[in-house]
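1. My questions concern the predicted model and sequence given below.
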Amino acid sequence: MNQSVRTAGLLGLALAISACDQLSPAGTGLQNRSVDFGLASQRQVTAPLSGTWRVTGVPAWLRVTQQAGSGPVKLDMTAVRQDATPVTADQPTLSGTLRIAWSTGTGPDARNGTAEWTVTARQFELSGRLIEPAQVQGQDVHLRSAGLPKQSTTAAARGVIVKYRASALGAQMTGPNRGPAPEQLGTQALRARGLTVTRTRHLGGRTAALSVSDVPGALAALRADPDVEYAVPNVVVHTQAQLAQPVTPTDQFAPLQWAYPLMGYGAVWRDMESGAYTRPVTVAVVDTGVRFDHPDLQGQLWLPGEGAMDVLADPNNGDMDGPDTDPTDPWYTGRTNGSHGTHVTGIIAARWGQNTTTCAGCSTSGVVGATYRAPVKVLPVRVIDSSGDATAEDVAVGLRYAAGLPIDMAGVTSRTPHPAQVINLSLGGAVSAEEAKPMCDAVRDATDAGALVIVAAGNGYGTVPYYPAACPGAVSVASVSLSGASAPVHSPFSNAYPEVQLSAPGGADPYSGAKFNGGMFNGVAFPDMILSTGWNYAKNQPNYEAEVGTSQASPQVAALAALLLSKGVTTDAASTLARLRDTATDLGEQGRDPLFGYGMVNAAAALNAPQVSWRLGLRVQSSRGLSFQPAVDPTGAFHAYLGEGTYHVTGGTDVNGNGIYGEANEARDERQVTLAQDTPNVNVGDLTPR
């Protein structure tokens, strides 16, 4: 909870205690009643009772410190309005039912029942107006590179167009007896006002174009004439050639891969077709190993004999042969589905288009990876055994090997011929900093060798640092997911701690049932999970699996880092990390924070991808990392009913087509406001993106 919320809460408590509710005796039972917080954050409510009681139901936005007791009921209640504020932020008042089961007396005098207390709380109000200067709604006018027109429609016009009423031109519009032409009437009217007409053109019927230098003066003169049906500027419109068309993959399951559009990859893939991505890059996936025989990964991997490596020291690791040059994720007794390393690899580099080999009933095209046409290959390094565990020893060895450093392999020194510029580790655990030292030393060695080490932040639903993500030099990646609003939110499972540096799509909590992505699979809404390559061990054939976790977020960052190097936007690990940070979409608290780090990676901005849209919209985010989408009316006005807290309000353009307004490389105007009991209504004024 941030400081502004805490202060508001203490103020509410002081007011509530000074006016504590007291009920008159109500017999031997507990009565139904109403409790109104108003704008307060906390209330203390008492009710007389001779017996025992227990709270059995509480609204989602209410916190109650006491859950049961005997004698008079005394409850300290806290309203956490953000927990129940809908994404649309359109409910001025929250309401819910607090249920208390009670019993009194003994023997024949025993009574019991349930009291229902209706609890309400007013929301705070945020308002303002989103303005798009000089933009005519519904007109296909070209917007300049900043995302907004440079001048008004009238100023940009090349004269005027006038249409006269039929009565002014006479019944005959053709032939020798036709009345005066509209260009003649217009010229006469303007010259009578001292305005110069340099050129005229009959547009057909009762309409003509007149070239004049004083467009506002000409419009005023013509509109004052009752014989004129209309007079409008001869506006200048432009082709939309400067707006690139985003690339949409045609692979069968690509429409379900919502993470790529969220990061602006439609624009990136269009940029990739220009041929600018020419530098070969290797991304090491230090994981469970991979299925080299997956058709959607053919040609995307360094193979056994080309540098792929299984560094597991224990021969009882599932393939029974100790360290070797074949990091195939193996079958073992009872294994049915899932190859973690294969899933991670597909996020980075799954093939596009038709697969060259497939199986009966298998998809012939499957999914796509982020790197598309760029010369990016994955180096599989197996460090996780068949039980899903990895020792610090094996992680350290795998890291050094991936970075191109020599390692001992059963008494033989081995070194990959394809050192990785980017290393992804979708693994970790809640070990102590002391226990993590061997892994952290390896991270340092890998970074000293020039690699960018990217690590999943952990799925612990808490704030405990996971290692090796929290090691100095590692880039810890948290997970975000869709919210239904114009900005993603922190995934509840994703660990939040100070070492988190970046965020990327990793999916929604699997227990939430969130389905904001809009995709349908076999007629059913597809959950907000990350779809990628997998393996069906029961049938021993490829498949595609949906998973969630920071394991899925981390390779999104690794893929983007590889593309930055491939295009030459950056040249080394330090400049790549700086670019990822500088172009990330700031979410939650302003600046770096434990939930999102510097923000969600923005592929389009990082890679200077072409603009693919010109939409203008609103983004409202709380410092807790929640996102809201209040409606904007035709005049640009908006009203949002929100809980106490600090909010970042952004009006901006969306040029990469990901539905998030005012990111890096996009026009924006932003405000930060605090809503509390003493500031329940805040108007941010006009937001004019520039």
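-> Now that the structure is in, tell me what you want to look at.
2. And the residue most central in space within the chain, how far from Gly659?
-> Nearest to the mean C-alpha position of the chain, counting by C-alpha atoms, centre = their mean, stands Pro488 at 3.1 Å. Between Pro488 and Gly659 the computed distance is 10 Å (C-beta to C-beta, to the nearest Å). All C-beta spots, glycine's among them, are computed from the backbone N, C-alpha and C.
3. Same question for Gly57.
-> From Gly57 to Gly659 the distance is 37 Å (C-beta to C-beta).
4. okay, those two: which has more neighbours?
-> Neighbour totals were compared for Gly57 and Gly659, and Gly659 leads with 19 against 14 (other C-beta atoms under 10 Å).
5. Ramachandran coordinates for the more buried one?
-> phi 80, psi 10 (degrees, to the nearest 10).
6. What residues does it make contact with?
-> Neighbouring residues of Gly659 by C-beta atoms under 8 Å, 6 or more residues apart in numbering: Pro261, Leu262, Ser486, Gly617.
7. So which of those residues sit within strands?
-> Gly617 (DSSP state E).
8. Strands along the stretch 451-600 of the chain, start to end?
-> Using DSSP state E, counting those that start in this stretch, the strands of the stretch 451-600 of the chain run over residues 452-456, 475-481, 489-490, 500-505, 520-521, 524-525, 530-536, 541-547.
9. Give me the mean pLDDT for the last one.
-> In this model, strand 541-547 has a mean pLDDT of 96.
10. Check which helices and strands the helix or strand encompassing Val395 sits against.
-> Following DSSP states H and E, one finds Val395 within helix 392-402. Other helices and strands packing on helix 392-402, by 3 or more C-beta pairs under 8 Å, 6 or more residues apart in numbering; DSSP states H and E, are strand 281-287, strand 376-382, strand 407-409, strand 422-425, helix 437-448.
11. where in this structure is pLDDT low?
-> The model of the chain has pLDDT under 70 over residues 1-28, 133-156, 170-179, 236-242, 315-321.
12. Show me it divided up by domain.
-> 3-122, 158-233, 255-605, 609-687 (automatic domain parsing).
13. Which element is encountered next along the chain beyond whatever helix or strand Thr114 lives in?
-> Thr114 is part of strand 111-122, with elements assigned from DSSP H and E. Scanning forward in sequence from strand 111-122 by DSSP H and E, the next helix or strand is strand 124-130.
14. By neighbour count, which bits of that following strand are buried? Give me those.
-> For strand 124-130, the neighbour count (16 or more other C-beta atoms under 10 Å) marks Phe124, Glu125, Leu126, Gly128, Arg129, Leu130 as buried.
15. what separates the longest helix along the chain from the chain centre, distance-wise?
-> The single longest helix within the chain, with elements called by DSSP state H, is helix 550-567. Mean C-alpha position of helix 550-567 versus that of the full chain (C-alpha atoms, centre = their mean, to the nearest Å) differs by 16 Å.
16. Please apply the same query to stretch 340-351.
-> 21 Å.
17. Also stretch 639-655?
-> For stretch 639-655, the distance to the chain centre is 15 Å (C-alpha atoms, centre = their mean).
18. Could you shift the numbering so residue one becomes 55, and keep it that way?
-> Happy to do that; since the first residue is 55 now, the last one works out to stretch 693-709.
19. measure it end to end?
-> The first and final residues of stretch 693-709 sit 25 Å from each other (C-alpha to C-alpha, to the nearest Å).
20. any chance of the contacts of Gly713 in TSV, plus neighbour count and distance to Ala510?
-> As requested, those are exported to TSV (neighbours: other C-beta atoms under 10 Å; distance: C-beta to C-beta, whole Å):
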residue	neighbour count	distance to Ala510
Pro315	19	22
Leu316	23	18
Ser540	23	26
Gly671	18	31
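21. can the contacts of Gly713 go into a markdown table with extra columns for distance to Gly159?
-> Output for those, formatted as a markdown table (distance: C-beta to C-beta, whole Å):
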| residue | distance to Gly159 |
| --- | --- |
| Pro315 | 64 |
| Leu316 | 60 |
| Ser540 | 57 |
| Gly671 | 61 |
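22. Pick the one among the contacts of Gly713 closest to Thr445.
-> Distance to Thr445, by C-beta to C-beta, is smallest for Leu316 among the contacts of Gly713, at 35.2 Å.
23. for the closest one, what are its contacts?
-> Shown in contact with Leu316 (C-beta under 8 Å, 6+ apart): Leu536, Pro542, Pro559, Met654, Asn712, Gly713, Ile714.
24. before we move on, the earlier item: distance to Leu297 for the domains of the chain - can I get that in CSV?
-> Output for the domains of the chain, formatted as CSV (distance: least, C-beta to C-beta, whole Å):
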stretch, distance to Leu297
domain 57-176, 29
domain 212-287, 23
domain 309-659, 10
domain 663-741, 6
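25. To Pro300, which of these lies closest?
-> Closest among these, using C-beta to C-beta: domain 309-659, at 2.8 Å.
26. what about the residue lying closest to Ile402 once chain neighbours are set aside, how many neighbours?
-> Distances taken as C-beta to C-beta, 6 or more residues apart in numbering put Ala613 closest to Ile402, at 4.4 Å, once the chain neighbours are dropped. Using other C-beta under 10 Å, Ala613 has 31 neighbouring residues.
27. next one: Ala490
-> The number of residues packed near Ala490 is 22, by other C-beta under 10 Å.
28. can you check Ala403 too?
-> A count of nearby residues for Ala403, using other C-beta under 10 Å, gives 26.
29. Spell out which helix or strand contains Ala274, please.
-> According to DSSP H and E, Ala274 maps onto helix 269-277.
30. Show me which positions of stretch 160-170 end up buried.
-> Ala169.
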